[in-house]
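# turn this into a model:
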Amino acid sequence: DMGDVPGGAFSAAEKLLASQIRTTFEKCRACGCDLFGVGERIQKYKPKTYESRRPTALQNAIAEITVTFRNVR
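Below is the predicted model of the structure:
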């Protein structure tokens, strides 16, 4: 227990982590690495369209990132 968190710390941390995740996603997309499992999710949830979407799935994917920190104190 380190005490109270300064005001704005959670907000700043959320923005920083979301930015880092977006950057990682874009780097993975650029080199064709499906680190976040886009293809697996399409295969699982949209199996009928998987074969037609698989070649361009990563390039057409949109990353929606929501990060929330909270004090557990």
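
# okay, buried residues for stretch 50-58 please.
Within stretch 50-58, the residues scored as buried using 16 or more other CB atoms under 10 Å are 50, 57-58. The way it works is simple: take the backbone N, C-alpha and C, and place the C-beta from them, glycine included.

# excluding chain neighbours, what is closest to Asn71?
In space, Asn71 comes closest to Val5 once its chain neighbours are excluded; the distance is 5.7 Å by CB to CB, 6 or more residues apart in numbering.

# sec struct for that neighbour, please.
Under the three-state scheme (DSSP: H, G, I helix; E, B strand; the rest coil), Val5 adopts coil.

# who does the helix or strand of the chain with the lowest mean pLDDT touch, helix- and strand-wise?
Every helix and strand in the chain was compared by mean pLDDT, DSSP states H and E; the lowest is helix 50-53, with a mean of 90. Identification of packing neighbours for helix 50-53 by 3 or more CB pairs under 8 Å, 6 or more residues apart in numbering; DSSP states H and E yields helix 38-45.

# centre of the chain versus the helix it packs on, how much separation?
Computed by CA atoms, centre = their mean, to the nearest Å, the separation of helix 38-45 from the middle of its chain amounts to 15 Å.

# do the same with stretch 12-28
Averaged over its C-alpha atoms, stretch 12-28 has a centre that lies 8 Å from its chain's centre (CA atoms, centre = their mean).

# same question, stretch 45-56
With CA atoms, centre = their mean, you get 20 Å for stretch 45-56.

# cool, and stretch 50-63?
15 Å.

# next one: phi and psi at Val67?
phi -120, psi 130 (degrees, to the nearest 10).

# one more: Lys48?
According to degrees, to the nearest 10, Lys48 has phi -70, psi -30.
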